[in-house]
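Visitor: Quick check, what structure comes out for this input:
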Amino acid sequence: MSESSSLADRFEAERPGLRAVAYRMLGSLAEAEDAVQEAWLRLSRTDVSDVRNLGAWLTTVVGRICLDMVRSRTSRREDPLPGRDGSVRLPDPVVTAPARVDPERGVLIADEVGIALMIVLQALSPDERLAFVLHDMFDVPFGNIAPVLGRTTVSTRQLASRARRRVQGATPAADTDNARKRDVVDAFLTASRGGGFEALLAVLHPDVVARSDGGTLVPTILRHGAGNVASQAIAFARFAANAHLVLVNGTPGAVSFAEDRRPLSVMSFTIHDSRITALDILTDPDRLTTLNLAN
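Guide: Residues are numbered from 1 along each chain as shown. Okay, the predicted model is just below:
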């Protein structure tokens, strides 16, 4: 086996983990793939004969690439905080069949990285995001992260600590029993289809938040409170009419389709004590077509 072939095989073994780092940093599946491909190009041009831990080296390389991409977005004002000026930008969901999660896609959503957490990660500053993702999610030492950020180890540790407090304060608690959560999602869809306002109130937390990302052509929607969200669910009952239960980032959710089998939405639910505390809906037709959803 040639040296280049061996290096390619070693890189492919690391690819799922590198995609997971990039997805958490970028919230975009396509951009995550781009970041990983860029890492391969850098690896192919670099002498790594003295690198003892190729996986760790590649993780920091992907982190640096993603940091540059996030900083570029922010400088062009393309990475708005969720809810600022009424805007809602949801991360790409990882949608899988309920019965089975492909091992490679499973790496993407390990450690309970739901849509709600991904939204919070997007609200962090680029440096906070990198420090938190690499250290808290992938156990990269602060001493390895600091040079990527151009900071001291102490400063990098403080960044991660600040990010951790924001994540813990903003991420809603969630149930872990997927069977029970599936029942709640099914009850929500059934009530939405039938226009059951009271039935919807029964599965919605009083302070539930619903966010809908319709892309550039469709106005985004942000709703607070069970009454408002229930009314919205009834008004948009077409999304529940032909909805199928799926896993969205590893937790029960739903995908709805039009009669011509075009995907209409991906719905992600955060559920606590068997009541929905957050509902995140992607309806952007351009982004839905990239997810390869099948009816």
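Visitor: in this protein, which spans are strands?
Guide: Assigned by DSSP state E, the strands in the chain fall at 95-96, 204-213, 221-224, 243-248, 251-257, 263-272, 275-282.
Visitor: The fourth one pairs with which strands, parallel or anti?
Guide: It stands for strand 243-248. With DSSP bridges as the test, strand 243-248 is paired with strand 95-96 (antiparallel), strand 251-257 (antiparallel).
Visitor: re the thing from before, dump the strands of the chain to CSV, plus distance to Arg182 and mean neighbour count.
Guide: Where you see a C-beta, it was placed from the backbone N, CA and C, and this is true even at glycine. Supplementary listing: the strands of the chain in CSV, determined by distance: least, Cβ to Cβ, whole Å; neighbours: other Cβ atoms under 10 Å:
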stretch, distance to Arg182, mean neighbour count
strand 95-96, 14, 20
strand 204-213, 17, 20
strand 221-224, 23, 15
strand 243-248, 6, 20
strand 251-257, 4, 23
strand 263-272, 10, 24
strand 275-282, 13, 24
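Visitor: mind putting those strands in CSV, mean pLDDT included?
Guide: Output for the strands of the chain, formatted as CSV (pLDDT from 0 to 100):
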stretch, mean pLDDT
strand 95-96, 89
strand 204-213, 94
strand 221-224, 88
strand 243-248, 91
strand 251-257, 92
strand 263-272, 93
strand 275-282, 94
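Visitor: mind putting the strands paired with strand 243-248 in TSV, distance to Phe188 included?
Guide: Below are those laid out as TSV (distance: least, Cβ to Cβ, whole Å):
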stretch	distance to Phe188
strand 95-96	18
strand 251-257	8
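Visitor: thinking again about what came up before, distance to Glu14 for the strands of the chain - can I get that in a markdown table?
Guide: Listed next are the strands of the chain as a markdown table, based on distance: least, Cβ to Cβ, whole Å:
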| stretch | distance to Glu14 |
| --- | --- |
| strand 95-96 | 22 |
| strand 204-213 | 31 |
| strand 221-224 | 39 |
| strand 243-248 | 25 |
| strand 251-257 | 26 |
| strand 263-272 | 28 |
| strand 275-282 | 29 |
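Visitor: Ok, which of those comes nearest Ala235?
Guide: Among these, the nearest to Ala235 by Cβ to Cβ is strand 221-224 (10.2 Å).
Visitor: and that closest one, what does it pack onto?
Guide: Packing contacts for strand 221-224, counted by 3 or more Cβ pairs under 8 Å, 6 or more residues apart in numbering; DSSP states H and E, involve strand 204-213, helix 226-235.
Visitor: As a markdown table, those with distance to Ile119 would be great.
Guide: Formatted as a markdown table, the helices and strands packed on strand 221-224 follow (distance: least, Cβ to Cβ, whole Å):
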| stretch | distance to Ile119 |
| --- | --- |
| strand 204-213 | 8 |
| helix 226-235 | 17 |
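Visitor: Quick one: closest of these to Asp34.
Guide: Across the helices and strands packed on strand 221-224, closest to Asp34 is strand 204-213 (Cβ to Cβ), at 20.8 Å.
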